[in-house]
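In: Fold the following for me, if possible:
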Amino acid sequence: MQFILILRFIRRIFNYYYSTDKNFVRSLSSLLGFIPANLGLYKLAFLHKSYAHGIQVSQNNERLEYLGDAILGTIVAEYLFKKYPTRDEGFLTKMRSKIVKRKSLNDIADQMGLDVFLIQNGVDNVSHSMLGNALEALVGAVYLDVGYHRTRRFVIYKIMKGYLNIRELETFDDNYKSQLLEWCQKTSKVVSYRVLSKFKFDNRDRFRVAVMVDGEDIATAEDFSKKSAEQLASKRALKLLGVEITEVLEV
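Out: Sure thing, here's the model as predicted:
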């Protein structure tokens, strides 16, 4: 065990001072708060499946993204459970959803400057959705490199406390689908959703969805998940129907 720790320390020193990728390592170290040992993991985290300089890569960050998504959800759930010892499961679930939802991760990754790392790994056109995927992949890489406890510190102190206002999230409600449903119930109307199309964009499935009230198309929207597209369409429908959008909840 002692030998492994010494070996990892030597690898970190080499990566930071002598590696041909030392500029990448130093930028990454500033972002992470520690010097990475397994540099290959972090390179993979920023390797998107789209074409890199005209050559389609055989490996990409999707597996790390899958792992990071699970680790991130666990850490956020544990953090909220301890932070709010008297709140019920419903409140905790909503708070976790606000933190780990796609838009939040995209915005956080943008603020962290992950686009720079993606560009360095050959992505010519960085879309907003790539950023959130890269953030999840980065969490997966950190977990495999330094283990759960240091990953937990990275997520809580570098991501959550660095780029989120938890107090504001407590009172912010962006579940426009539930707000539209509540309005329809009050006005004796029926709301429904219909997938207009499913197509490929940026090598990912993208959904175009229509929201209908009493069978009439009110608004449409598209996103990389059907759930997100329904939320966007619901928000547009609320505005078109003249319904006041609730942004603050009583907590």
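In: What are the contacting residues of the strand or helix carrying Gly40?
Out: Secondary structure assignment for Gly40, by DSSP states H and E: helix 39-45. Contacting residues not belonging to helix 39-45 are listed as 15, 19, 21, 24-25, 28, 36, 59-61, 64, 121, 134, 137-138, 140-141, 144-145 [C-beta atoms under 8 Å, 6 or more residues apart in numbering]. Every residue, glycine included, has its C-beta placed from N, CA and C.
In: Convert stretch 239-248 to PDB, retaining C-alpha atoms only.
Out: Extracted C-alpha coordinates of stretch 239-248, given in PDB (Å, rounded to 0.1, in the frame of the first residue of the first chain):
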ATOM      1  CA  LYS A 239     -46.400  32.500 -21.300                       C
ATOM      2  CA  LEU A 240     -48.700  32.200 -24.300                       C
ATOM      3  CA  LEU A 241     -51.700  31.500 -22.100                       C
ATOM      4  CA  GLY A 242     -50.900  34.500 -20.000                       C
ATOM      5  CA  VAL A 243     -50.400  32.400 -16.900                       C
ATOM      6  CA  GLU A 244     -48.200  34.000 -14.200                       C
ATOM      7  CA  ILE A 245     -45.100  31.800 -13.900                       C
ATOM      8  CA  THR A 246     -44.200  31.000 -10.300                       C
ATOM      9  CA  GLU A 247     -40.500  31.300  -9.600                       C
ATOM     10  CA  VAL A 248     -40.600  31.200  -5.800                       C
END
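In: looking only at pLDDT, what's the mean for it?
Out: Averaged over stretch 239-248, pLDDT sits at 79.
In: All set, thanks.
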